[in-house]
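Peer 1: Give me a 3D structure for the following:
(one chain, ligands or ions: 2)
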Amino acid sequence: MRTQVAIIGGGPSGLLLGQLLHRQGIDAVVLERQTRDYVLGRIRAGVLEEGFVDLMAEAGVADRMEKEGIRHDGTVMAFGEHQVHIDFTRHAGRPVMVYGQTEVTRDLYDARAAAGATTLFQVEDVTLCDLETGKPYVLFRHEGQEKRIDCDFVAGCDGFHGVSRKTIPDNVRTEFEKVYPFGWLGILSETPPVHDELIYSNSERGFALCSMRSHTLSRYYVQCPLTDKAEDWSDDAFWAELKRRIPSEHAANLVTGPSIEKSIAPLRSFVSEPMRWGSLFLCGDAAHIVPPTGAKGLNSAASDVYYLYHGLLSHYLEKDGAGLEAYSEKALARVWKTQRFSWWMTSLLHRFPDQGPFDLKMQVAEMAFLAENDDAQATLARNYVGLPY
Ligand code: APR
Ligand code: PHB
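Peer 2: Ligands and ions are numbered 1, 2, ... in the order given. Coordinates of the predicted model:
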């Protein structure tokens with residue numbers, strides 16, 4: 001088999017890149033290790049920057065998002081009973097779109113299927129070969145047979161646990177990592193959201209987040225020790241803990257109900273440099289991870305897709321390789337700014353196990369400054385709605 005771009009991984013990065021390329025007549029094959037249902041069963045964040053929304057429109061898959069997504073003009077940052085409203089539209093000139101990553105992924109799979117583009121599921125033992133020669137190929141097993149795809153480029157969109165990043169030799173690759181000493185216990189419930197905007201809350205019992213997927217589906221989180229097990233948390237215990245961690249005005253409005261999903265996620269900041277090696281280009285979680293505070297995971301993946309897509313377009317349509325040459329540098333410049341924002345939000349909003357009285361005073365002072373300073377609010381708003389590509 002031959003294609004122009006072999007895309008490893010059928011998560012949002014690989015699917016979005018594949019769809020954008022398809023619309024430009026550039027051939028790409030997506031190789032996914034899992035089944036479609038497995039990929040769609042993963043619950044992830046649901047706040048999309050406008051840059052992401054624009055890319056979905058360019059890929060021709062924005063119709064359902066435009067209908068069912070909810071635009072948010074701001075968010076609430078709470079510290080105990082104290083609340084600061086961050087007005088995105090006033091400070092940054094644009095809102096964000098609340099639309100679940102699961103729905104984004106479903107729309108992309110449907111568009112890919114409708115376009116007749118090739119996606120192979122349940123591929124095993126993907127091996128990337130001859131990445132330095134300009135004639136790369138990919139070996140894998142599918143439906144019990146050994147297969148080979150020859151290609152011009154490989155897009156490594158296979159997430160944090162994929163093979164692509166690990167194919168780059170150790171002496172070329174530098175990894176930067178910070179692991180946080182707590183997790184997020186999250187639940188999804190078929191209840192109306194407690195508020196019409198998201199609430200990020202630092203309370204003396206730890207962080208909490210009130211989010212949503214729609215007007216009838218809520219997503220809530222509480223910071224928890226990494227030793228906790230989701231199955232040990234009853235729904236009642238979760239709701240009681242959440243109520244204690246958000247301002248009483250909102251706690252009084254909270255509608256509770258049975259959870260339809262409950263899980264614990266660890267928090268990690270991670271970047272691998274460079275994001276290109278020979279014909280291999282890393283995109284999204286394959287190259288970097290953020291803690292979820294600020295919802296930058298998917299959005300950070302989208303900016304990589306943007307740079308790679310434009311690099312490939314210039315290469316194929318204008319015979320200009322400059323965009324691909326600059327890919328790693330350009331993508332990493334934005335990745336690090338997004339890392340900084342996610343780390344800052346995480347540091348400001350969580351209670352750390354080794355946090356002393358001084359560290360707490362720093363959080364209090366930072367929040368007080370945010371409450372009274374328009375520039376600080378504008379900085380938060382501009383980062384939250386997304387830095388320019
Ligand atoms: N071969 C083929 N596919 C693989 C392999 C492999 N060896 N390893 C992993 N994959 C697949 C995974 O099954 C997954 O579907 O690659 C896909 C990677 O998808 P994601 O992990 O969702 O990563 P990405 O597409 O970059 O999306 C980034 O999703 O993970 C969230 O928080 C993240 O929101 C961010 C966004
Ligand atoms: C979510 O809805 O899952 C969500 C929203 C905002 C975040 C993180 C997660 O910062």
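Peer 1: need the contact list for G134.
Peer 2: Contact partners of G134, counting by C-beta atoms under 8 Å, 6 or more residues apart in numbering, are G278, S279. Just so you know, the C-beta spots here come from the backbone N, C-alpha and C atoms, and that holds for glycine as well.
Peer 1: Swap in 7 Å and give it another go.
Peer 2: By C-beta atoms under 7 Å, 6 or more residues apart in numbering, G134 lies in contact with S279.
Peer 1: likewise L324?
Peer 2: G311, L312, H315.
Peer 1: ok, and the most crowded of those?
Peer 2: The member of these surrounded by the most neighbours (other C-beta atoms under 10 Å) is L312, with 25 neighbours in all.
Peer 1: Name the residues of the one helix or strand in the chain whose mean pLDDT sits lowest that come out as buried.
Peer 2: Lowest by mean pLDDT, DSSP states H and E among the helices and strands of the chain is helix 36-40, with a mean of 93. By neighbour count on 16 or more other C-beta atoms under 10 Å, the buried set for helix 36-40 is R36, V39.
Peer 1: Does that helix reach ligand 1?
Peer 2: Yes. Shown here: helix 36-40 in contact with ligand 1 (C-beta under 6 Å from any ligand atom) through V39.
Peer 1: Same check on stretch 146-153?
Peer 2: No. Stretch 146-153 does not reach ligand 1 (C-beta under 6 Å from any ligand atom); its nearest approach is 12.3 Å.
Peer 1: Run the chain-centre distance for that stretch.
Peer 2: 28 Å (C-alpha atoms, centre = their mean, to the nearest Å).
Peer 1: same deal with stretch 242-253?
Peer 2: That offset, for stretch 242-253, works out to 27 Å (C-alpha atoms, centre = their mean).
Peer 1: How about that stretch, which residues are buried there?
Peer 2: Buried positions in stretch 242-253, judged by neighbour count with 16+ other C-beta under 10 Å: L242, K243, R245, I246, P247, H250.
Peer 1: Mind picking the two most distant members of these?
Peer 2: Greatest spatial distance among the buried residues of stretch 242-253 (C-beta to C-beta): L242 and P247, at 11.8 Å.
Peer 1: so what's the closest residue to ligand 2 within the stretch 101-250 of the chain up against?
Peer 2: Nearest residue of the stretch 101-250 of the chain to ligand 2, counting by C-beta to the nearest ligand atom: S211, 3.2 Å away. Contacts for S211 (C-beta under 7 Å, 6+ apart) come out as G46, L198, R219, Y220.
Peer 1: Over to G294?
Peer 2: Residues near G294 by C-beta under 7 Å, 6+ apart: F341, S342, M345, Y384.
Peer 1: Most neighbours out of those, which is it?
Peer 2: Within the contacts of G294, neighbour counts (other C-beta under 10 Å) peak at Y384, which reaches 25 neighbours.
Peer 1: Correct me if wrong: G297 contacts V47.
Peer 2: No. At 9.9 Å, G297 does not count as touching V47 under the criterion of C-beta atoms under 7 Å.
Peer 1: Residues that sit against both of those two, list them.
Peer 2: The contact sets of G297 and V47 do not overlap (C-beta under 7 Å, 6+ apart).
Peer 1: burial of the residue in the stretch 201-350 of the chain that ligand 1 sits nearest to, as a residue count?
Peer 2: In the stretch 201-350 of the chain, the residue found nearest to ligand 1 is G284; the distance is 2.3 Å by C-beta to the nearest ligand atom. If you count neighbours by other C-beta under 10 Å, G284 ends up with 29.
Peer 1: distance of it from ligand 2?
Peer 2: Counting by C-beta to the nearest ligand atom, to the nearest Å, the gap from G284 to ligand 2 is 16 Å.
Peer 1: ok, now how distant is that residue from E231?
Peer 2: G284 sits 30 Å away from E231, going by C-beta to C-beta, to the nearest Å.
Peer 1: So for the residue of the chain positioned farthest from its centre, what's the pLDDT?
Peer 2: No residue in the chain sits farther from the centre than Q145, which is 33.5 Å out by C-alpha atoms, centre = their mean. The per-residue pLDDT reported for Q145 equals 97.
Peer 1: and if you look at the one 10 residues further on?
Peer 2: If you check A155, the pLDDT there is 98.
Peer 1: What's opposite it in the beta bridge?
Peer 2: Assessed by DSSP bridges, A155 has beta-bridge partners I7, F281.
Peer 1: what does the stretch 151-300 of the chain put close to ligand 1?
Peer 2: C157, D158, G159, H161, G162, V163, G284, D285, G297, L298.
Peer 1: Let's verify A113: helix, strand, or coil?
Peer 2: At A113 the chain is in helix, as set by DSSP: H, G, I helix; E, B strand; the rest coil.
Peer 1: which one is it nearest to, not counting chain neighbours?
Peer 2: T119 (7.7 Å; C-beta to C-beta, 6 or more residues apart in numbering).
Peer 1: contacting residues for the one you found?
Peer 2: T119 is in contact with G10, V30, E32, R112, counting by C-beta under 7 Å, 6+ apart.
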